[in-house]
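> sequence first, then the predicted structure, then my questions.
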Amino acid sequence: MNKIKIITLKLKTAGLLAGLLFLGLQAVQAQTPNTTYPKDYFGSPLNIPLTATSSFAEIRPSHWHSGLDFSVQRTEGLPVKAVADGYVSRLKVQAGGFGNAVYINHPNGYTSVYAHLQKYNQAIASYVNKQQYAQESFEVDLFPSASVLPVKKGDIIGYSGNTGNSFGAHLHFEIRNTATEKIINPLLFGYNPNDKYPPAIDLVKVYNYASAANNDLANSKIYTQVASSSTLYKLKGVDTLKTWGRTAFGVQASDVMYATGDKNGWYSVRLYIDDKLYCEQVLETFAFAETRYMNACIDYKDYYNSGRKILRFQQLPGNKMSNFKTLIGDGTFDFSDEKFHTVRMEVADVSGNTTQCIIPVLSQKSKEFPEKQTPGIDAHLFAWNKENTFKTDNLQLSIPVGCLYDNIDFEYLEIPKTKEVYSVYCKLHDPTVPLHQKMTVSIKPEGLPEKLYSKALLVRIDRDGKRSAAGGSYKNGWVTAETNLFDTYAVAIDTIKPKITFVEQTANAIRFTISDNLSGIATYRGTIDDKWVLMEYDAKNRALVYRFDNRLKTGKNAFKLVVTDAKGNQTVYTKEIVKK
């Protein structure tokens, strides 16, 4: 097992730390952000003072946060403005995700993005509504030509809201490179406040591989509480860290831009060993295709188990994230020379405020760090750079190239069938090991009647026993689905119809909530006298609304709502709506 420690920190300016401070300050002065972006081209998207509540590239579930979240003072309906001249190049409406979003291309080669809007301005709303009716779909992804919706700097394009996967009114704002579609930290374009507050280091984590049989980071850990102060940290209660052999480091840090601001993510981190830069990561820009690599940049097992967001100064072989600007080897260091070393970690924000932790390290053998043992032979070694397959009488598993970040010793366990499912339970390795892409899982059903083949799917059972749909379908004696999560899976059926609950009818709208017990809502369709009408869907609240429009005629109207789940189970609601 790898020996791993979490070490607390405290400010100390005497002894060895004071002697190292001069070298540390030299490095701090050199850590400055990219200055090539225009600082005075873009204006403010809001009429109120800009306050960022979430920063660019914060760690989120399986992705980096792709922009800044600006406070709208918890208010929906505030005007949202174009930050520069240009034209609306894309309009996206989603039940989740960005909700109502606007993309504007600008002549300087950048695209600004505004998400979670309550509604669009009249011209945009009219254009979107026409396309929704043409496609008979609430969710649309539209790409108007440059002449359709031109805008000037300061024009109102919409209003602040809480649509999509948003859990409080705010404006999600992005700036992208138009040609590459890479997202760039908006703070680099002059939106950075007068930030005088340095990042805080919450904890440091030390990974020792001396006794590890493989590169798996999922090993025993010891945690202690961390207290932060000022911009200089040292091990708390330990003058010198003793380690032996191959060792890696990790850090959890946060940053604030205002005295009473939210804790946000950092901009850059550096790891020095004996004043030599071993690893530098900068969150300046990234592509959407890279965002899931976040799972390989952090200690994913720790994040899964505890919610801690520990960035590793280490690049796993399958991690292709472009934020590594400097890297020697994979970022680890071999402490096997029985000498003293100095480890220095630096965390900086976009304003250049930098916090550092200096750790004296002694390379020394001890019983705590024994020699690495030769790993035993394992027939289920899965290589990160190959396609991996695994088969039993009840399971067929295919993991494509690019799915694993590192080699794993794949573990599999079959648990006997229960009355709740139609197969054995197949425990696939460990959910604390992340996957970058989807693997294909096929499980052989047991006792599944032919009449229920179309209702069969795979379900995931997490460690708390919670069951959720993994999707899939029956074919040639197997139920097959794609998933990007290791966990326990089994065959189940969904024969229960979705639920439609009438909420209210007002003079202007009719409202419902819709839900499904397992496979999930697949489609919803509202009609007036058998002609499609726009039903707006808010997935997070399961809310569905038809706002009365010119499709509703004077007199009696036959309204019908049909909701279908992913297994074809269908519920129909009808009502006569009278317009006076």
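All right, it came through fine.

> A helix includes residue 130, no?
Yes: applying DSSP: H, G, I helix; E, B strand; the rest coil, one finds residue 130 inside a helix.

> the protein: helices as residue ranges?
Under the criterion DSSP state H, the chain contains helices at 15-30, 122-135, 294-297, 300-306.

> where among those helices is average confidence lowest?
Comparing mean pLDDT across the helices of the chain, the lowest value falls on helix 15-30: a mean of 42.

> who's in contact with residue 537?
Shown in contact with residue 537 (CB atoms under 8 Å, 6 or more residues apart in numbering): 95, 138, 139, 524, 543, 544. Quick note: C-beta positions are derived from backbone N, CA and C, even for glycine.

> okay, and the helix or strand of the protein with the least pLDDT?
The weakest-scoring helix or strand in the chain, judged by mean pLDDT, DSSP states H and E, is strand 221-222 (a mean of 38).

> was I right about residue 109 contacting residue 175?
No: look at residue 109 against residue 175 with CB atoms under 8 Å: they stay out of range, at 10.7 Å.

> show the pLDDT at the residue nearest the centre of the chain.
The chain has residue 63 as the residue nearest its centroid, 2.5 Å off, counting by CA atoms, centre = their mean. Residue 63 is assigned 96 on the pLDDT scale.

> before we move on, what about residue 163?
For residue 163, the model assigns a pLDDT of 98.

> list the contacts of it.
Going by CB under 8 Å, 6+ apart, the list of residues near residue 163 reads 98, 99, 100, 116, 117, 118, 538.

> and for residue 79?
Taking CB under 8 Å, 6+ apart, we find residue 79 in contact with 46, 47, 156, 159, 160.

> can you give me the end-to-end span of stretch 342-357?
The first and final residues of stretch 342-357 sit 10 Å from each other (CA to CA, to the nearest Å).

> same check, this time on stretch 544-557
Stretch 544-557 has an end-to-end distance of 19 Å (CA to CA).

> return the set of buried residues in that stretch.
The neighbour-count check on stretch 544-557 (16 or more other CB atoms under 10 Å) flags 544, 545, 546, 548, 551, 552, 557 as buried.

> how near is the last one to residue 574?
Put plainly, it is residue 557. The spacing between residue 557 and residue 574, counted by CB to CB, to the nearest Å, is 11 Å.

> repeat that for the fourth one.
Between residue 548 and residue 574 the distance, using CB to CB, works out to 17 Å.

> for residue 72, what are its contacts?
46, 48, 78, 160, 169, 170, 171.

> tell me, what's the model's pLDDT at the residue nearest to it when sequence neighbours are not counted?
Once flanking residues are discounted, residue 72 sits nearest to residue 160: 4.1 Å by CB to CB, 6 or more residues apart in numbering. As predicted, residue 160 sits at a pLDDT of 98.

> low-scoring stretches of this structure, by residue?
Confidence mapping of the chain against pLDDT under 70 gives the ranges 1-35, 210-229, 260, 366-379.

> try it again at 80.
Scanning the chain for pLDDT under 80 picks out the ranges 1-35, 192-193, 210-230, 235-239, 259-261, 365-379.

> tell me what residue 469 is bridged to.
Beta bridges link residue 469 to residue 459 when assigned by DSSP bridges.

> need the strands for the stretch 351-500 of the chain, in chain order.
Here the stretch 351-500 of the chain has its strands, by DSSP state E, counting those that start in this stretch, at 354-363, 381-382, 388-391, 395-399, 408-409, 412-415, 425-428, 434-443, 456-461, 467-471, 473-475, 478-485, 488-493, 499-505.

> now those strands in CSV, with distance to residue 343?
Shown next, in CSV, are the strands of the stretch 351-500 of the chain (distance: least, CB to CB, whole Å):
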stretch, distance to residue 343
strand 354-363, 4
strand 381-382, 32
strand 388-391, 36
strand 395-399, 36
strand 408-409, 28
strand 412-415, 39
strand 425-428, 37
strand 434-443, 26
strand 456-461, 40
strand 467-471, 42
strand 473-475, 52
strand 478-485, 34
strand 488-493, 40
strand 499-505, 57
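
> let's have those in JSON lines, adding distance to residue 302 and mean neighbour count.
Putting the strands of the stretch 351-500 of the chain into JSON lines (distance: least, CB to CB, whole Å; neighbours: other CB atoms under 10 Å) gives the following:
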{"stretch": "strand 354-363", "distance to residue 302": "18", "mean neighbour count": "22"}
{"stretch": "strand 381-382", "distance to residue 302": "22", "mean neighbour count": "17"}
{"stretch": "strand 388-391", "distance to residue 302": "25", "mean neighbour count": "15"}
{"stretch": "strand 395-399", "distance to residue 302": "23", "mean neighbour count": "20"}
{"stretch": "strand 408-409", "distance to residue 302": "17", "mean neighbour count": "19"}
{"stretch": "strand 412-415", "distance to residue 302": "23", "mean neighbour count": "12"}
{"stretch": "strand 425-428", "distance to residue 302": "21", "mean neighbour count": "21"}
{"stretch": "strand 434-443", "distance to residue 302": "12", "mean neighbour count": "20"}
{"stretch": "strand 456-461", "distance to residue 302": "22", "mean neighbour count": "23"}
{"stretch": "strand 467-471", "distance to residue 302": "23", "mean neighbour count": "17"}
{"stretch": "strand 473-475", "distance to residue 302": "36", "mean neighbour count": "16"}
{"stretch": "strand 478-485", "distance to residue 302": "17", "mean neighbour count": "19"}
{"stretch": "strand 488-493", "distance to residue 302": "21", "mean neighbour count": "24"}
{"stretch": "strand 499-505", "distance to residue 302": "38", "mean neighbour count": "13"}
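
> nearest to residue 321, of the ones you listed?
strand 434-443 (10.5 Å; CB to CB).

> distance between that closest one and the chain's centre?
Strand 434-443 sits 18 Å away from the centroid of its parent chain (CA atoms, centre = their mean, to the nearest Å).

> do stretch 188-195 as well
From the chain centre to the centre of stretch 188-195 is a distance of 24 Å (CA atoms, centre = their mean).

> do stretch 414-422 as well
Relative to the centre of its chain, stretch 414-422 is centred 33 Å away, using CA atoms, centre = their mean.

> now do stretch 37-55
So, by CA atoms, centre = their mean, the centroid of stretch 37-55 is 23 Å from its chain's centroid.

> contacting residues around that stretch?
65, 68-73, 78-84, 106, 108, 110, 112, 114, 153-154, 160, 170-171, 173, 175, 184, 187-191, 193, 255, 257-258, 261-262, 264-265.

> all set now, cheers.
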